[in-house]
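Predicted model follows, preceded by the sequence.
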Amino acid sequence: MPVAGGNKAVTAAAAVALALAAGVALMQVRDPWLLVPWMLVAVLAVQPGQIVPRKVTWTDGAMGAVWVWSLAQMALTVNPLPTLFMALMQTAAMAAYLLARRTRPGALTAGVAAAGTVAALIVAGSFVVFRRNVLAAGFGSVYDFRFLFHPMHIHCNMLASAMLACSGVVLAGMPEKRRGWRIAAAALMWMAVALTFSRGAWLAMAVTWVGLMVGVRPLRLKLGIGVALLVAVLVVAAACPAETRTALSMASTQSQQLSARARLDGASASAGAFAARPLQGYGPGNYSLAVDRFTPDDSSAAYSSIPPNAISALAVEQGSAGLLIWGVLAVAVAATLWRFRRRRASAVGAAVIAGLCVKEMTQCSLWSSSGTMLMMALLLALIQPQAHYGGRRWRRAGYAVLVVTAATLVTGLAVRSGLLPLHAPGTEQLHRGIGALTCYHADGNRAHLDTADVVLDRAARQMPYDRIPAQMHAADRWLRTGDPAALLGAAARSPRNHTLRFLAARACFAGSDTAAAIEHLAAAVRLAPRLTGDGFVDSLLRTRSVGQVLRDSILARAPGPEASAGEKARYGFLLHRFGMLPQAEAMLREAIAVMPSLSTPWRLLGEMAEARHDSVAARDCRKRYEVITRGAFSAQSDSASDLSAEMAIPALWTREKAILASRYGF
């Protein structure tokens with residue numbers, strides 16, 4: 001185990017610093033000034049001779065290589081801003097790892113257990129409120145509404161990985177005496193993991209529990225840990241039987257089936273992205289940008305930046321070099337666990353790491369979750385034998401680590417404060433182009449189109465991995481010159497992008513190609529039914545020569561029995577818009593029967609019930625609509641409030657702007 005430093009005050013400071021770091025990471029407390037990493041570095045700097053062990057293990061070396069590679073990728077990435085943020089997370093994790101190597105395990109795990117307990121209690125309390133409000137709205141289960149459950153603003157998959165890893169740290173480093181409260185803390189963390197009702201998380205808990213039962217000794221401790229963790233999960237299963245059955249069924253609901261299909265499609269897109277840039281990858285944090293060209297451009301699909309599994313994330317973001325470095329770390333950890341397999345820390349570490357591998361292969365959150373990354377670093381420190389320090393050479397190595405760490409944190413502060421601009425090539429031109437197009441649509445001044453043409457052309461050439469700049473440039477070129485060739489080509493390459501299809505329809509109408517215009521416009525409206533409220537579309541629907549043909553074209557493709565709930569909801573919206581209320585109600589009810597978390601069907605069903613003077617049904621639909629749109633933690637219920645925002649016309653490029661903000665930070 002890691003050895004305590006000679007100075008008790010420094011050891012206590014290290015334990016406190018790691019506890020605070022664990023609390024901040026697990027509860028996702030905003031730290032814009034990087035106070036936590038600086039705190040860890042400050043404690044390390046007190047004893048520079050006890051940073052690099054005298055005998056560097058293979059795991060130490062592999063962890064160092066992973067850290068250095070994360071820094072080196074700043075020079076290789078296609079988009080440096082998210083890569084810098086990932087490097088800062090890796091730097092904080094490395095500082096915690098080095099600090100944990102010299103901190104007494106009992107003191108370390110006491111603080112981490114306290115932080116994890118607080119986080120778990122927050123999750124449990126939040127879930128009670130969340131579930132009560134969802135059930136009070138008339139829904140039978142909260143499983144389909146987990147997207148509303150973000151305790152401490154953490155995605156459920158990230159929360160599950162972080163809490164499972166935290167439980168491993170607590171169990172691996174607990175002392176021989178006074179272990180009961182730490183086991184209870186780990187059980188609370190498992191309860192928090194179970195409350196996410198993530199299928200991957202439940203599989204991970206099963207694998208971890210079996211591993212603990214096989215590896216932990218003596219029998220009394222094995223039973224204590226096994227019973228406590230099992231009881232925590234069973235309490236959740238007993239309190240939420242419907243949600244548990246759905247989670248364990250794995251593929252009984254359409255949302256589960258769509259999720260599994262999306263992950264398979266994501267793995268396929270990852271293979272294409274890896275083949276295009278196999279050596280160094282695209283840089284950490286750039287997964288969604290890397291697979292952009294290999295993913296269908298579908299306005300009706302939900303956007304996600306989370307990789308489908310850890311192998312895909314590593315291959316795409318860090319390339320063959322990253323796969324090799326992380327592979328060396330995996331082999332080093334496996335060798336350490338095997339060599340010291342009779343130690344409790346190794347048994348716990350093996351079980352938890354196996355569970356986390358299962359979890360990360362169902363949806364990867366390791367490189368986007370500071371909590372999981374920090375807990376993994378602490379766990380890898382705890383599974384190793386006692387560290388020894390000393391010697392001038394290792395003191396100099398410690399100073400080198402401090403210098404590199406401080407330089408990284410200073411760079412992060414400079415970027416966060418705006419003193420050091422850090423953008424991907426073409427980002428500034430893209431930002432100016434979007435602003436110019438926005439100004440043109442606001443005041444009609446065509447000089448903005450000239451500006452947009454120049455800067456968007458540069459952006460499209462400098463950002464070959466992102467298709468959005470080229471799409472915007474094609475639209476601008478048509479607006480500026482009247483030549484629709486580039487725009488029609490973009491619409492042909494992205495037939496399910498409602499913005500491109502809508503603009504292509506406008507271009508075809510301008511060129512008197514009515515048949516093609518109606519085809520494009522009908523496709524756009526089917527993808528974004530609220531376009532029927534657009535003035536241009538509404539005027540066409542009222543035109544005798546075009547209106548009936550356009551309407552028939554829009555309604556020509558009715559969704560079949562196997563269609564997704566989203567398709568049925570969009571078609572029901574259109575039927576409602578065209579006054580076909582009985583058919584609309586039937587289609588909308590089909591949609592919510594499969595996926596009750598869709599908001600617009602409840603809104604429309606409430607309106608139809610109100611028109612029939614069925615106040616009870618209207619109130620019930622409105623309550624469900626408000627829970628979905630306002631969130632399960634909102635206590636507001638103003639019957640006179642204006643909910644027309646849900647029916648508002650979707651602005652063009654809205655989805656694309658949100659994606660760009662996610663990728664580039666503007």
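The structure has been received and is ready for your questions.

ok, residue 340 touching residue 383?
Yes. In this structure residue 340 lies within contact range of residue 383 using Cβ atoms under 8 Å: 7.3 Å. For the C-beta atoms, the positions are set from N, CA and C on the backbone; glycine is no exception.

what is in contact with the two at once?
residue 346 (Cβ atoms under 8 Å, 6 or more residues apart in numbering).

okay, those two: which has more neighbours?
Between residue 340 and residue 383, counted using other Cβ atoms under 10 Å, the more crowded position is residue 383 (25 against 18).

could you measure the nearest residue to that one once chain neighbours are set aside against residue 103, distance?
In this structure, residue 383 finds its nearest non-sequential neighbour in residue 349, 3.9 Å apart by Cβ to Cβ, 6 or more residues apart in numbering. Noted for residue 349: a distance of 17 Å to residue 103, by Cβ to Cβ, to the nearest Å.

Of those two, which one has the most company?
The neighbour comparison of residue 349 against residue 103 (other Cβ under 10 Å) goes to residue 103, with 31 against 27.

Was I right to think the more buried one contacts residue 13?
No. Taking contacts as Cβ under 8 Å, residue 103 lies outside contact range of residue 13: 9.6 Å.

Angles on the backbone of residue 496, please.
phi -110, psi 20 (degrees, to the nearest 10).

which SS class is residue 103?
coil (DSSP: H, G, I helix; E, B strand; the rest coil).

How about residue 483?
coil.

which phi and psi does it have?
phi -90, psi 110.

Based on its surroundings, how many neighbours for it?
Neighbour tally, residue 483, other Cβ under 10 Å: 13.

what sits against it?
Contacts of residue 483 by Cβ under 8 Å, 6+ apart are residue 477.

do the same with residue 25
Per Cβ under 8 Å, 6+ apart, neighbours of residue 25: 36, 162, 370-371, 373-375.

Look up how far residue 13 lies from it.
For residue 25, the distance to residue 13 - Cβ to Cβ - is 18 Å.

same check, this time on residue 489
Counting by Cβ to Cβ, the gap from residue 489 to residue 13 is 62 Å.

Specify which residue of the two has the higher count of neighbours.
residue 13 (18 against 14).

In which helix or strand does that one reside?
Using DSSP states H and E, residue 13 falls within helix 8-26.

just how off-centre is that helix within its chain?
Its chain's C-alpha centre and that of helix 8-26 lie 27 Å apart, by Cα atoms, centre = their mean, to the nearest Å.

any idea of the angle the very next helix or strand once past it forms with helix 8-26?
Sequence order places helix 35-46 as the next helix or strand after helix 8-26, per DSSP H and E. Inter-element angle recorded for helix 35-46 and helix 8-26: 160 degrees (by axes from the mean of the first three to the mean of the last three Cα atoms, to 10 degrees).

Enumerate the positions of helix 35-46 that are buried.
For helix 35-46, a neighbour-count test (16 or more other Cβ atoms under 10 Å) marks 36-41, 43-44 as buried.

Same question for stretch 152-170.
For stretch 152-170, by 16+ other Cβ under 10 Å, it's 154-170.

Please apply the same query to stretch 549-556.
550-551, 553-555.

what's the average pLDDT for that stretch?
For stretch 549-556, the mean pLDDT works out to 96.

Next: stretch 599-610.
Here the average pLDDT along stretch 599-610 is 95.

Same check on stretch 273-280?
96.

Could you do stretch 448-464 as well?
Per-residue scores along stretch 448-464 average to 95.

can you check stretch 213-227 too?
According to the model, stretch 213-227 has a mean pLDDT of 95.

where's residue 167, which helix or strand?
Going by DSSP H and E, residue 167 is in helix 156-173.

any idea which helix or strand comes after that helix?
Downstream of helix 156-173 (by DSSP H and E), the next one is helix 180-194.

Just the buried positions in whichever helix or strand comes after that following helix, please.
Using DSSP H and E, the helix or strand that follows helix 180-194 in sequence is helix 199-215. Buried residues in helix 199-215, counted by 16+ other Cβ under 10 Å: 199-205, 207-209, 211-212, 215.

what does helix 199-215 contact?
With Cβ under 8 Å, 6+ apart, helix 199-215 has contacts from 156-157, 160-161, 164, 168, 171, 190, 193-194, 222, 225-226, 229-230, 233, 247-248, 250, 256, 341, 346-348, 350-352, 354-356, 358-359, 361-363.

same thing with stretch 593-601?
By Cβ under 8 Å, 6+ apart, the list of residues contacting stretch 593-601 reads 139, 144-145, 147, 253-255, 564-566, 568-569, 572-573, 588-589, 591-592, 624-625, 628-629, 646-647.

and the angle for the helix holding residue 13 with helix 180-194?
Computed by the same axes, to 10 degrees, the angle between helix 8-26 and helix 180-194 is 20 degrees.

Helix 8-26 vs helix 156-173, what angle?
Using the same axes, to 10 degrees: helix 8-26 against helix 156-173 is 160 degrees.

and helix 8-26, average pLDDT?
92.

same question, stretch 105-121
Stretch 105-121 comes out at a mean pLDDT of 94.

can you check stretch 33-44 too?
The model assigns stretch 33-44 a mean pLDDT of 95.

if we can go back for a sec, among the buried residues of helix 199-215, which one lies nearest to residue 308?
residue 200 (10.8 Å; Cβ to Cβ).

where does the closest residue to that closest one other than its chain neighbours fall, phi/psi-wise?
Closest residue to residue 200 apart from its sequence neighbours, by Cβ to Cβ, 6+ apart: residue 362 at 3.1 Å. Backbone torsions of residue 362, given as degrees, to the nearest 10, read phi -100, psi -30.

elements contacting the helix holding residue 167?
With contacts taken as 3 or more Cβ pairs under 8 Å, 6 or more residues apart in numbering; DSSP states H and E, helix 156-173 sits against helix 8-26, helix 105-136, helix 180-194, helix 199-215, helix 344-360, helix 370-382.

quick one: that helix to chain centroid distance?
18 Å.

C-alpha coordinates for it, PDB please?
Presented in PDB, the C-alpha positions along helix 156-173 are these (Å, rounded to 0.1, in the frame of the first residue of the first chain):
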ATOM      1  CA  CYS A 156     -26.900   9.400 -15.300                       C
ATOM      2  CA  ASN A 157     -24.200   7.300 -17.100                       C
ATOM      3  CA  MET A 158     -21.400   9.600 -15.800                       C
ATOM      4  CA  LEU A 159     -22.900   9.500 -12.400                       C
ATOM      5  CA  ALA A 160     -23.100   5.700 -12.400                       C
ATOM      6  CA  SER A 161     -19.400   5.200 -13.400                       C
ATOM      7  CA  ALA A 162     -18.100   7.800 -10.900                       C
ATOM      8  CA  MET A 163     -20.100   6.400  -7.900                       C
ATOM      9  CA  LEU A 164     -19.100   2.800  -8.800                       C
ATOM     10  CA  ALA A 165     -15.400   3.700  -9.000                       C
ATOM     11  CA  CYS A 166     -15.700   5.700  -5.700                       C
ATOM     12  CA  SER A 167     -17.100   2.600  -3.900                       C
ATOM     13  CA  GLY A 168     -14.100   0.700  -5.200                       C
ATOM     14  CA  VAL A 169     -11.700   3.300  -3.700                       C
ATOM     15  CA  VAL A 170     -13.500   3.100  -0.300                       C
ATOM     16  CA  LEU A 171     -13.500  -0.700  -0.100                       C
ATOM     17  CA  ALA A 172      -9.900  -1.100  -1.400                       C
ATOM     18  CA  GLY A 173      -8.300   1.300   1.100                       C
END
